[in-house]
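> Predicted model follows, preceded by the sequence.
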4 protein chains.
Amino acid sequence: MPTAALRKEESVEQAATTFAKDQLRAFVERIERLEEEKKAIADDIKDVFAEAKGNGFDVKAMRTVIRLRKQDADERREQESILETYMHALGMLA
Amino acid sequence: MPTAALRKEESVEQAATTFAKDQLRAFVERIERLEEEKKAIADDIKDVFAEAKGNGFDVKAMRTVIRLRKQDADERREQESILETYMHALGMLA
Amino acid sequence: MPTAALRKEESVEQAATTFAKDQLRAFVERIERLEEEKKAIADDIKDVFAEAKGNGFDVKAMRTVIRLRKQDADERREQESILETYMHALGMLA
Amino acid sequence: MPTAALRKEESVEQAATTFAKDQLRAFVERIERLEEEKKAIADDIKDVFAEAKGNGFDVKAMRTVIRLRKQDADERREQESILETYMHALGMLA
DNA sequence: ACTCCAATACTTTAGC
DNA sequence: GCTAAAGTATTGGAGT
């Protein structure tokens, strides 16, 4: 993180304020940039669905397939977490 | 992506089915890859908010600011005008 | 829904405005009342968890149990919905 | 809910376990009942919003108004002040 | 335009 | 008290 340049004309408080302002602006702009990227990817996804649809696939069914695959992936973590909870409840874990 | 080989043993219909299956798989995998990227960016955004919070900024206000910057001026005026009307109606303003 | 009383002193437009105002206020108050009730129930739920905890039960494990039971209930609807989607995709429905 | 009968054949430990089980079941069912009630009220709220919408009101603005009414004045001023500061810093105001 | 569903954001709660 | 996670509410987008 760059230090705030303290110009002669500024009081210490003004410098602090200026610094916070710049810092805030930097955070906001970083987030906005990331959100643009995210939006671009979301648009890409839409395009792929549209292309699939153009090739005769049922988009809703595709979404279901993708969702189920993701659930399968998530489920293991989930199951492990549940198991842990139970073992803890039964005093088998710390 | 390999093309669907039309083996001697396959009927034309089987080939078509195999092709559709491969094509579907390809679409699904492209989407899954894109969703992973999207997730990564979403995580980055979270990190930035966390960092901002660690520097003393109010995350909720930051979100508001970012939302407002995204709205165009007309839309914003529109919303504010409706809100004002309602607040008036409910005696929340002058 | 009660009609808006049109007082002699009011113009038609004022009456309309007054009516809308009263109507808005009525809607808002109905919602606020419902939200209070909802809050009260949420508090009751908290109390039950606290009581269970006081009787030596593990709250997190209880939440897990409740969530799983709810999933079982939801799952049937979900499975039916998925089945429908597939049947549709395969041209077996509508 | 029946109390746990302590049958001759049961050891004290078994009885304790049975009792705990029944007690747990009772807690879980109480919570599930309460959650159903909560859900019913949430649905009622949705209905009221839908009705308001059908009468030409802007649901989003209504939600905002309700949220603001819930905040106490101090808190509201606080939030507005932070927001203003941030908007200033980003050149969105004066 | 409107409904429905998925995604996001916010709030609350549990554990450290 | 703070961080991490769950649950809940709100928003936006896709399909009809």
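Structure's in. What do you need?

> Quickly check: the helix or strand containing A:S81 near chain D or not.
Taking DSSP states H and E as the definition, A:S81 sits inside helix A:59-89. No - between helix A:59-89 and chain D, judged by C-beta under 8 Å from any C-beta of the partner chain, nothing touches; the nearest distance is 10.5 Å. Every C-beta, even on glycine, is put in place using the N, C-alpha and C of the backbone.

> Next, the buried residues of that helix.
A:A61, A:M62, A:T64, A:V65, A:I66, A:T85, A:Y86, A:A89 (16 or more other C-beta atoms under 10 Å in any protein chain shown).

> List just the nearest of these to D:G56.
Among these, A:T64 lies closest to D:G56 (C-beta to C-beta), at 37.1 Å.

> Show me what the longest helix along chain A is packed up against.
For chain A, the helix with the greatest residue count under DSSP state H is helix A:12-54. For helix A:12-54, the packing partners by 3 or more C-beta pairs under 8 Å, 6 or more residues apart in numbering or on different chains; DSSP states H and E come out as helix A:59-89, helix B:12-54, helix B:59-70, helix D:73-89.

> Return the distance of the second one from the chain's centre.
Centroid displacement of helix B:12-54 relative to its chain, using C-alpha atoms, centre = their mean, to the nearest Å, is 12 Å.

> ok, so of the buried residues of helix A:59-89, who is nearest DNA strand F?
Checking the buried residues of helix A:59-89 against DNA strand F with C-beta to the nearest atom of the strand, the nearest one is A:T85 at 8.3 Å.

> how about CSV for the buried residues of helix A:59-89, with pLDDT added?
Below are these laid out as CSV (pLDDT from 0 to 100):
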residue, pLDDT
A:A61, 88
A:M62, 90
A:T64, 87
A:V65, 88
A:I66, 90
A:T85, 83
A:Y86, 84
A:A89, 81
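
> Let's have these in JSON lines, adding distance to D:R76.
Converted to JSON lines, those look like this (distance: C-beta to C-beta, whole Å):
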{"residue": "A:A61", "distance to D:R76": "48"}
{"residue": "A:M62", "distance to D:R76": "46"}
{"residue": "A:T64", "distance to D:R76": "44"}
{"residue": "A:V65", "distance to D:R76": "47"}
{"residue": "A:I66", "distance to D:R76": "43"}
{"residue": "A:T85", "distance to D:R76": "40"}
{"residue": "A:Y86", "distance to D:R76": "45"}
{"residue": "A:A89", "distance to D:R76": "43"}
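
> Grab the nearest non-local neighbour of the residue of chain A found nearest DNA strand E.
Closest contact between chain A and DNA strand E, by C-beta to the nearest atom of the strand, is at A:R63 (6.0 Å). Nearest residue to A:R63, sequence neighbours excluded (C-beta to C-beta, 6 or more residues apart in numbering or on different chains): A:F49, at 8.0 Å.

> A:I31 now?
Closest to A:I31 by C-beta to C-beta, 6+ apart is B:V48, at 5.4 Å.

> for the one you found, what are its contacts?
B:V48 makes contacts with A:F27, A:R30, A:I31, A:L34, as judged by C-beta atoms under 8 Å, 6 or more residues apart in numbering or on different chains.

> Skipping adjacent residues, who's closest to the residue nearest the centre of chain A in space?
By C-alpha atoms, centre = their mean, chain A has its centre lying nearest to A:K38, at 8.6 Å. Leaving aside its sequence neighbours, A:K38 sits nearest to B:I41 (C-beta to C-beta, 6+ apart; 4.6 Å).

> Next, count neighbours for A:I31.
20 (other C-beta atoms under 10 Å in any protein chain shown).

> Next: A:D47.
Quick note: A:D47 (other C-beta under 10 Å) scores 12 neighbours.

> Repeat that for A:A40.
Using other C-beta under 10 Å: A:A40 sits among 13 other residues.

> Stretch A:83-93 and DNA strand F, are they touching?
No - counting by C-beta under 7 Å from any atom of the strand, no contacts exist between stretch A:83-93 and DNA strand F, the nearest distance being 8.3 Å.

> how about the CA coordinates for that stretch, as CSV?
Extracted in CSV, the C-alpha atoms of stretch A:83-93 (Å, rounded to 0.1, in the frame of the first residue of the first chain):
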residue,chain,number,x,y,z
LEU,A,83,-20.6,-36.6,9.8
GLU,A,84,-18.3,-34.3,11.7
THR,A,85,-21.2,-32.6,13.3
TYR,A,86,-22.7,-35.9,14.4
MET,A,87,-19.4,-37.3,15.7
HIS,A,88,-19.0,-34.1,17.6
ALA,A,89,-22.5,-34.4,19.0
LEU,A,90,-21.7,-37.9,20.1
GLY,A,91,-18.5,-36.8,21.8
MET,A,92,-16.3,-38.7,19.3
LEU,A,93,-14.5,-35.6,18.3
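
> What separation do you get for the residue lying closest to A:F57 once chain neighbours are set aside and DNA strand F?
In this structure, A:F57 finds its nearest non-sequential neighbour in B:L24, 6.1 Å apart by C-beta to C-beta, 6+ apart. Counting by C-beta to the nearest atom of the strand, to the nearest Å, the separation of B:L24 from DNA strand F is 15 Å.

> Give me the neighbour count for B:L24.
Using other C-beta under 10 Å, B:L24 has 18 neighbouring residues.
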